[in-house]
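> Sequence and predicted model, in that order:
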Amino acid sequence: MRKVLTHIFVILLLFIAYFLQSNFFNWFTIAGVMPNLFVICIIFIGLFGSKFMGVTYGIILGFILDYLFKSKVGISAITLGVVGIIAKLFDKNFSKNSRITIMMIIGISTAFFEIVCYFANYIVFSTNLEILTFIKILVIEVIYNIILTVILYPLMQKFGYYLENTYKESTILTRYF
């Protein structure tokens, strides 16, 4: 029952991120660039969730985003799935207690997501390559995501440890109590 409620809360968190992304941050752009809350959410789920939770939510969310916003379905799904895998790799190798570590993870993941999506869209849609404009947008979006992560870190950490305790329960029985 606890895991079902946690999944419901994670889905509610993704809906909130969608509405913030599509409505609220349209008003608060920096040079016309919005943050990517979906990458932050998938990193958060991948860091604190179960083994395949970040990948699963990344792929499902990516398919939904591709269906809603793009004509070719699959680019965001694959990329967000890989971001979920990256989050799980960072979970095993780095501490989640440090804000600096979380900021680096968010920055690297945002840059990875945007670079892969940009070049995949270039290949699929045969769009023009505008590298300087893309780099400017990429830098602003990475900084924006890092700033939002610093602001939201206490909430992320609190719910993250609840999520971690729900899914990573220790099942080891000791011989001596």
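That came through fine.
> drop to CA atoms for contacts and neighbour counts, all remaining ones
Noted.
> Quick check: closest non-adjacent residue to N145.
Counting by CA to CA, 6 or more residues apart in numbering, N145 lies nearest to P35, which is 5.4 Å off, once chain neighbours are set aside.
> Could you check how far that neighbour is from I146?
9 Å (CA to CA, to the nearest Å).
> Okay, buried residues for the helix or strand hosting T110 please.
Element membership of T110, judged by DSSP states H and E, is helix 99-125. Within helix 99-125, the residues scored as buried using 16 or more other CA atoms under 10 Å are 99, 102-103, 105-107, 109-115, 117-118, 121.
> again with stretch 51-58
53-58.
> same deal with stretch 151-164?
Buried residues in stretch 151-164 (16+ other CA under 10 Å): 153, 156-157, 159-161, 163.
> can you tell me which two in the residues you listed are farthest apart?
Y153 and L163 (14.7 Å; CA to CA).
> re the thing from before, mind listing what the residue nearest to N145 touches?
Going by CA atoms under 8 Å, 6 or more residues apart in numbering, P35 touches 21, 25, 29, 141-142, 144-145.
> Buried ones among the residues you listed?
For these, a neighbour count by 16+ other CA under 10 Å gives the buried set as 21, 25, 141-142, 144-145.
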